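# Have a look; sequence and predicted model below, questions after that.
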Amino acid sequence: LFGFRKFREALESISKYNKYVNAFVDVADPQTIRDQAEESARRWESGQTKSPLDGAIFGYKMNLCTKELRTTCGSNMLNNFKSPYTATAVELLQEAGAITGGKLNMDEFGMGSHNVFSNVGPVRNPHGILDRAPESFDNVEDRSAGGSSGGSAAAVASKMCFAALGSDTGGSVRLPASYCGVVGFKPSYGRISRWGLVAYGSSLDTVGTLTRTVDDAKTIFDIISKEDEKDSTCLTQRQRDAIAKALKDFSDKEAKLHEDSIRNDPRPLSGVRIGIPQEFNIAELSPATKELWKRGIRVLKDAGAKVVPVSIPTTPLTVGAYLTLGTAEASSNLQRYDGIRYGHQSDVPDEKDELYIHTRSEGFGKEVRRRILLGTYVLTSGSFNNFFLRAQKIRQMVRNDFDRVFAQPNAITGSYSPIEDRIQSDRVHALLTPVAVETAPKLEDVFGDHIDPITAYLDDILTIPPSLAGLPAMSVPFAKGLDDNFPIGLQVISQYGDEEMVFKVGRVLE
Ligand code: GLN
């Protein structure tokens, strides 16, 4: 009686940890949760469950619209906003019997890496307190939970919910997953409907999952990865079938070619080639992170994989391109908060322009204002060619880089080399990289006016490349940092549409 057992644990964890962790901003009515859990328990008893997730308690990032609770996006602009509709991904989970536990803290509109830019204060990493008595929470050193889906990762890590949905534009699911020691999965762009996900950078935004196991991520993905006519960028069933067919044709041919060696090797990754992108070995990686990356490589080799070095030469250009495109799209997306249609409205002046200015100055936090300015700047006629267009070109180069290293064809861009060449060559099925340069930093080191935003942006270099290319990627908790006993994740990346490969490699690492 899955749900019924678990809802107690969730509510107990919330009451024990949430005051410190600050993950749940709004918790659903406990009596409603209880009633739903009882209904679910009856379905389990009578063998009439709606899905394997029937009765599971979910938390949703504050930028996923739900009819029941607020959708604040971590912003004063939307502090009292209640959506008239529910996000497709949330709705699909509810239809599958999932119970809404509440809404989770985040960096304002998804902009940030440490969940410190939130209108209700930072999320604290639960790892320092999980085995302690609540009286001693004050004595621990506060560490970052990562962001922007910090609330989602921290809630799952501290068992306040079974799983959570977050959003990942340039790493916002994977980075907090790495810091908090949970599985953070971002599917290919277009797999999960963005209907009801408040937009940050629309061409990069994805709905992602935070879970305690790779299998849980797959179970949730299988339920919410569906065509949706409400989101024109969500893959149609026909496109999904075409992608599946292209990948299957490829793997059938490959299996035939390697039939003998694979048949004689029962290990889970026999026949799988893993690439290690050299450009991800950046100087900022801590010695412990490097050591764990090497251990990860060894684990994959022991599971039968062939590991080869590969090159994604555009890696150093990706942060600049991401910031240009992401802020440009954000400046456009965030224009809708004008104080008239919904959200915060300044009560200062009554002339139109003044109203906009005051509303937006009061409603948006510092980081969001910085990015709106940056994005507006790169879109001005004087800098459009130098910044925006150049960033688009880099984005295409990044896609080409990945297409060159992956064996699988890219079913969206079309493969530009024959399948036979791909099979013979040393092209790889997945990449293995770190997610973050180190374990969770101290909160005081990433929070406050002394932080240089440029340095902070550069830290995202390990998660941004697959986002620009729209590829599936997952952070798998691999081991505890060798020096401080905090978790750290390794990232598995695969070709567009090949989520199954990400799960397959991820399972071996966990
Ligand atoms: N840290 C990155 C940023 O600040 C990524 C955020 C995200 O994926 N939403 O933009």
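Sure thing, it's come through. Residues are numbered from 1 along each chain as shown.
# For residue 154, pull up the helix or strand it's in.
If you go by DSSP states H and E, residue 154 is part of helix 150-157.
# check whether the helix or strand just after that helix contacts the ligand.
Once helix 150-157 ends, the next helix or strand along the chain (criterion: DSSP H and E) is strand 163-168. Yes. Interface with the ligand: strand 163-168 contributes residue 168 (Cβ under 6 Å from any ligand atom). C-beta here means a position set from N, CA and C on the backbone, and glycine is covered the same way.
# quick one: the helix holding residue 154 to chain centroid distance?
Here helix 150-157 shows a centroid-to-chain-centroid distance of 12 Å under the convention Cα atoms, centre = their mean, to the nearest Å.
# Show me which residues of this structure sit near the ligand.
110-113, 148, 168-172, 200, 326, 460.
# so where's the chain shaky on pLDDT?
For the chain, residues meeting the criterion pLDDT under 70 lie at 1-5, 261-262, 349-350, 415-417.
# who's in contact with whatever residue of it ends up closest to the ligand?
Nearest to the ligand in the chain, going by Cβ to the nearest ligand atom, is residue 172, at a distance of 3.0 Å. When contacts are counted by Cβ atoms under 8 Å, 6 or more residues apart in numbering, residue 172 touches 107, 110, 113, 147-149, 166, 208.
# now do residue 147
106-107, 112-117, 123, 172, 175-176.
# Mind jotting down where the strands sit in this structure?
24-27, 57-61, 99-104, 163-168, 183-186, 206-211, 273-277, 306-310, 430-434, 473-480, 487-494 (DSSP state E).
# now the last one and helix 150-157, what's the angle there?
Just to be clear, that refers to strand 487-494. Interaxial angle of strand 487-494 relative to helix 150-157 (axes from the mean of the first three to the mean of the last three Cα atoms, to 10 degrees): 110 degrees.
# Just the CA atoms of strand 487-494, as CSV, please.
Below are the C-alpha coordinates for strand 487-494, written out as CSV (Å, rounded to 0.1, in the frame of the first residue of the first chain):
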residue,chain,number,x,y,z
PRO,A,487,27.2,14.1,-2.6
ILE,A,488,28.3,14.7,-6.1
GLY,A,489,26.8,13.6,-9.4
LEU,A,490,28.1,12.4,-12.7
GLN,A,491,26.3,13.5,-15.9
VAL,A,492,25.3,11.1,-18.6
ILE,A,493,24.4,12.7,-22.0
SER,A,494,23.1,11.0,-25.1
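# pretty sure residue 74 contacts residue 103?
No. Taking Cβ atoms under 8 Å as the definition, residue 74 is not a contact partner of residue 103, at 10.2 Å.
# anything in contact with each of those two?
residue 62.
# which of these two has more neighbours?
residue 74 (31 against 25; other Cβ atoms under 10 Å).
# As JSON lines, the contacts of residue 172 with distance to residue 229 would be great.
Compiled in JSON lines, these are given as follows (distance: Cβ to Cβ, whole Å):
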{"residue": "107", "distance to residue 229": "31"}
{"residue": "110", "distance to residue 229": "25"}
{"residue": "113", "distance to residue 229": "34"}
{"residue": "147", "distance to residue 229": "32"}
{"residue": "148", "distance to residue 229": "28"}
{"residue": "149", "distance to residue 229": "27"}
{"residue": "166", "distance to residue 229": "24"}
{"residue": "208", "distance to residue 229": "22"}
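# just those now: which is nearest residue 128?
Taking Cβ to Cβ as the measure, residue 128 sits nearest to residue 147 out of the contacts of residue 172, at 17.4 Å.
# now the nearest residue to that closest one once chain neighbours are set aside: how far from residue 155?
In space, and not counting its chain neighbours, residue 147 is closest to residue 115: 3.6 Å by Cβ to Cβ, 6 or more residues apart in numbering. Computed with Cβ to Cβ, to the nearest Å, the distance linking residue 115 and residue 155 is 12 Å.
# Over to residue 248?
Computed with Cβ to Cβ, the distance linking residue 248 and residue 155 is 37 Å.
# residue contacts, the nearest residue to residue 376 once chain neighbours are set aside?
Spatially, and ignoring its direct neighbours in sequence, residue 376 is nearest to residue 331 (4.6 Å; Cβ to Cβ, 6+ apart). Shown in contact with residue 331 (Cβ under 8 Å, 6+ apart): 371-376, 379.
# residue contacts, the closest residue in space to residue 322 that isn't next to it in sequence?
Closest residue to residue 322 apart from its sequence neighbours, by Cβ to Cβ, 6+ apart: residue 464 at 4.6 Å. Residues in contact with residue 464 (Cβ under 8 Å, 6+ apart) are 170-171, 318-319, 322.
# which one of those has the most neighbours?
The member of the contacts of residue 464 surrounded by the most neighbours (other Cβ under 10 Å) is residue 171, with 33 neighbours in all.
# Pretty sure that one sits against residue 460.
Yes. When contacts are counted by Cβ under 8 Å, residue 171 is listed as touching residue 460 (5.2 Å).
# Check the contact lists of the two and give me the overlap.
With contacts defined as Cβ under 8 Å, 6+ apart, the residues adjacent to both residue 171 and residue 460 are residue 113.
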